[in-house]
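In: Kindly return the folded structure for what I paste below:
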Amino acid sequence: MLKAHEKSREDTTALMAEIGRKARAAARPLAVAGPVQKNAALIAMADAIEGNEKAILEANAIDVANGEEAKLSPAMMDRLKLNPARVKAMAEGIREIAALKDPVGEVIAQWDRPNGLHIERVRTPLGVIGVIYESRPNVTADAGALCLKAGNPVILRGGSDSLNSSAAIHACLVEGLTVAGLPEDAIQLVPVADRAAVGEMLSGLQGNLDVIIPRGGKSLVARVQKEARVPVFAHLEGICHLYIDRSAKLDMAVAIAVNAKMRRTGICGAAETLLIDRAVASTHLAPILEALDKAGCEIRGSEEVVAAFPKAKLATDADWTTEYLDAIISAKLVEGVGDAIEHIETHSSHHTEGIVAEDAAAVERFFNEIDSAILLHNASTQFADGGEFGMGAEIGIATGKMHARGPVGVEQLTSFKYRVRGIGQVRP
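Out: Numbering: from 1, shown residues only. Predicted structure coming up:
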């Protein structure tokens, strides 16, 4: 006779295997669905979310109460909580996805060969996508809608702390699929909080899962990247740098530094390290750090920085590789753009880096020599976002080098195939 926990694991394995089979079965009809049908489903989903606002908020109230009892951190509670404005934003986000150009079937490139063959490279859905996420119930809507637009079935595994909210939102997504005549199994939500469900997804669901996208804290992403047996689109950390070059305009440098750190400190595009050219330490260092300090930011600096700005705390070696996700920034003086590049390439997580400069040569060197997913010139690192890139909603930021890099939107949720047209050619 099986022990209770063994039986539970067996049940979870069977449940996840069935979810995987259903998703795979939905892949073909979804891949051939046209933009009109997919957009009809998305609009119906948005309407259902707005029409079921009361039920969504009631479900969220249960999750919030459970979160308070579990003493979740203020940051986690903020991500968990929904209100009428956030529900409306979810619906509007889905409508924005519906308005995007459908990527499936797009001819990316085409050419003719001397033998008369005409070759086309065409976008196709990736396949079955698994999304594993924590806290934010709105990811249920974002991920479901993005995957649908790109023609991919998706299996959503939300955090246990947002299970009720996610279930209420998921019901609206299923309603939209039904209205448009698409398979209900195209968007599935794992209905249990059992952590074993994550392990089953990482194993690939018996070959039925093609890609995994984790959205959550460092421990979740690290586990996914370590254990997954299918490709992963993810970033482990957002250790983002902002470099102030000797050619930078002071007012611009101050404004960008404060925004890059303090607009929203808990997002992956927030600047975590500030590098300032030693050549302008006497003119730029104090005004920038004073503005950050006034905005409520704790500064952890190198010995030179602390000597020039006594309010700063002395940084440790760990500070240069820490994603604070808080109102804290590490600061260091560097010997020009070359030294800044060396520091970034040594300590960066290759997410996002910014340079404030008027010297075109310094900017080109920064862009050419730094290997991060997103590089910005004279702009805040907080623009590291698919929506800000004009790509519409995103499912996350990828820092890997295979397939998707940077914001992962509908185009990045596709692969491609080749179509070759001939008139009877045979190969000699």
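In: in which helix or strand would I find residue 29?
Out: Per DSSP states H and E: residue 29 is located in helix 4-31.
In: now swap in residue 188 and tell me
Out: Taking DSSP H and E as the definition, one finds residue 188 inside strand 187-189.
In: tell me what that strand is packed against?
Out: Here strand 187-189 touches helix 4-31, helix 138-149, strand 154-157, helix 163-179, going by 3 or more CB pairs under 8 Å, 6 or more residues apart in numbering; DSSP states H and E. Every C-beta, even on glycine, is put in place using the N, C-alpha and C of the backbone.
In: Could you tell me the least trusted of those?
Out: Among these, helix 4-31 carries the lowest mean pLDDT, a mean of 85.
In: other SSEs contacting it?
Out: Counting contacts by 3+ CB pairs under 8 Å, 6+ apart, helix 4-31 packs against strand 118-125, strand 154-157, strand 187-189, helix 196-202.
In: Residue 44: which of those is closest?
Out: Closest approach to residue 44 among those is made by strand 187-189 (12.5 Å; CB to CB).
In: Contacts for that closest one next, please.
Out: By CB atoms under 8 Å, 6 or more residues apart in numbering, the residues outside strand 187-189 that reach it are 19, 22-23, 140, 144, 147-148, 153-158, 166-167, 170, 173-174, 177.
In: if we can go back for a sec, would CSV of the helices and strands packed on helix 4-31 with mean neighbour count and distance to residue 41 be doable?
Out: Shown next, in CSV, are the helices and strands packed on helix 4-31 (neighbours: other CB atoms under 10 Å; distance: least, CB to CB, whole Å):
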stretch, mean neighbour count, distance to residue 41
strand 118-125, 17, 15
strand 154-157, 26, 13
strand 187-189, 24, 9
helix 196-202, 21, 24
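In: Dump the ones you listed into a markdown table; add distance to residue 300 as well.
Out: Listed next are the helices and strands packed on helix 4-31 as a markdown table, based on distance: least, CB to CB, whole Å:
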| stretch | distance to residue 300 |
| --- | --- |
| strand 118-125 | 45 |
| strand 154-157 | 36 |
| strand 187-189 | 41 |
| helix 196-202 | 35 |
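In: picking that back up, which is the next helix or strand following the helix holding residue 29?
Out: Downstream of helix 4-31 (by DSSP H and E), the next one is helix 35-51.
In: buried ones in that next one?
Out: Within helix 35-51, the residues scored as buried using 16 or more other CB atoms under 10 Å are 35, 38-50.
In: Spell out the residue ranges of the helices in the chain.
Out: Along the chain, the stretches classed as helices by DSSP state H are 4-31, 35-51, 53-69, 74-80, 84-99, 138-149, 163-179, 196-202, 218-227, 250-262, 286-294, 303-308, 336-347, 360-369.
In: Let me see the domain layout of this structure.
Out: With domains defined by automatic domain parsing, the chain comprises 12-233+408-419, 240-388.
In: Mind putting the ones you listed into TSV with distance to residue 395?
Out: As requested, the domains of the chain are exported to TSV (distance: least, CB to CB, whole Å):
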stretch	distance to residue 395
domain 12-233+408-419	5
domain 240-388	8
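In: Not counting its neighbours along the chain, what's nearest residue 194?
Out: Nearest residue to residue 194, sequence neighbours excluded (CB to CB, 6 or more residues apart in numbering): residue 12, at 4.8 Å.
In: Could you give the number of residues near that neighbour?
Out: 19 (other CB atoms under 10 Å).
In: Contacts only, for it.
Out: Counted by CB under 8 Å, 6+ apart, residue 12 has contacts 192, 194, 196, 197, 200.
In: ok, it to residue 193 distance?
Out: As judged by CB to CB, to the nearest Å, residue 12 and residue 193 stand 10 Å apart.
In: do the same with residue 115
Out: From residue 115 to residue 193 the distance is 59 Å (CB to CB).
In: With residue 122 instead?
Out: For residue 122, the distance to residue 193 (CB to CB) stands at 40 Å.
In: Give me the pLDDT for the residue most central in space within the chain.
Out: In the chain, the residue lying closest to the centroid (CA atoms, centre = their mean) is residue 396, at 1.2 Å. Note on residue 396: pLDDT of 83.
In: swap in residue 388?
Out: Taking residue 388 on its own, its pLDDT is 85.
In: Over to residue 195?
Out: Residue 195 is assigned a pLDDT of 88 by the prediction.
In: Ok, the one 3 residues further on next?
Out: As predicted, residue 198 sits at a pLDDT of 94.
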